[in-house]
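Student: The following comprises the amino acid sequence and a computationally predicted model.
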Amino acid sequence: NAGVTQTPKFQVLKTGQSMTLQCAQDMNHEYMSWYRQDPGMGLRLIHYSVGAGITDQGEVPNGYNVSRSTTEDFPLRLLSAAPSQTSVYFCASSYGGYQETQYFGPGTRLLVL
Amino acid sequence: SQQGEEDPQALSIQEGENATMNCSYKTSINNLQWYRQNSGRGLVHLILIRSNEREKHSGRLRVTLDTSKKSSSLLITASRAADTASYFCAKGSGSRLTFGEGTQLTVNP
């Protein structure tokens, strides 16, 4: 199993540009999440999903959209990039229910100029 | 808001010594998890302790939970240089975890 994969690994954007960060998992996990990590900080939840077709906002959702059309994929869209969105983005998945452990992808480093 | 607060922010020890990190939280929990993050990598789950447990072991890791004090500690025994990483506690369940700011552990050879 590849686990949780994220693309791209690194991206530079100009202010106002849009892009989609890709996340996929091959573990048949129901739950998927997007976090951002700023330097020297913990992770903050952006959006999450408890199954295909079901998404909800986390702690810092503004400026981001998500959709979950399949169990495997959970893309994160930046609508109009801002320098404040410069961060490292992590996707995670878990079985859900009583299985609480989250499995993280390697991250996408985003720089917005 | 950060629900898990780690202490200390940074810890530097010699190989073979024990490392203890603490985590405090503000509201009641069903469980608390600890994760490790090597530099530039994603987080890796270490251990989960449920609210009805007081202590849990996994290899060289020992986690305690005191729900009356709303705190948890992670002990790494006989540390190795490869243990150098950031350690985070996380509260929550399912797809919604709340992380603290982490403890940066450096183990010197």
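Tutor: Cool, the structure landed.
Student: what pairs with the helix or strand hosting B:Lys56, and is each one parallel or antiparallel?
Tutor: Counting by DSSP states H and E, the element that carries B:Lys56 is strand B:55-58. Paired neighbours of strand B:55-58 in the sheet (DSSP bridges): strand B:61-66 (antiparallel).
Student: List the buried residues in the strand it pairs with.
Tutor: Neighbour-count burial for strand B:61-66, counted by 16 or more other CB atoms under 10 Å in any protein chain shown, picks out B:61-65. C-beta coordinates here come from the backbone N, C-alpha and C atoms, glycine included.
Student: same check, this time on stretch A:75-94
Tutor: Here stretch A:75-94 shows A:75-76, A:78, A:81, A:85-94 as buried, counting by 16+ other CB under 10 Å.
Student: Tell me if that stretch is near chain B.
Tutor: Yes: part of stretch A:75-94 sits near chain B under the criterion CB under 8 Å from any CB of the partner chain, namely A:90, A:92, A:94.
Student: The residue most central in space within chain A: which element?
Tutor: The centre of chain A sits closest to A:Trp34, judged by CA atoms, centre = their mean, with a distance of 3.0 Å. Element membership for A:Trp34 (DSSP H and E) is strand A:31-37.
Student: what's that strand packed up against?
Tutor: Helices and strands touching strand A:31-37, by 3 or more CB pairs under 8 Å, 6 or more residues apart in numbering or on different chains; DSSP states H and E, are strand A:19-25, strand A:43-51, strand A:87-94, strand B:96-99.
Student: Sheet partners, orientation included, of that strand?
Tutor: Short version: by DSSP bridges, strand A:31-37 pairs with strand A:43-51 (antiparallel), strand A:87-94 (antiparallel).
Student: Turn those strands into a markdown table, including distance to B:Asn52 and mean pLDDT.
Tutor: Below are the strands paired with strand A:31-37 laid out as a markdown table (distance: least, CB to CB, whole Å; pLDDT from 0 to 100):
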| stretch | distance to B:Asn52 | mean pLDDT |
| --- | --- | --- |
| strand A:43-51 | 25 | 95 |
| strand A:87-94 | 21 | 96 |
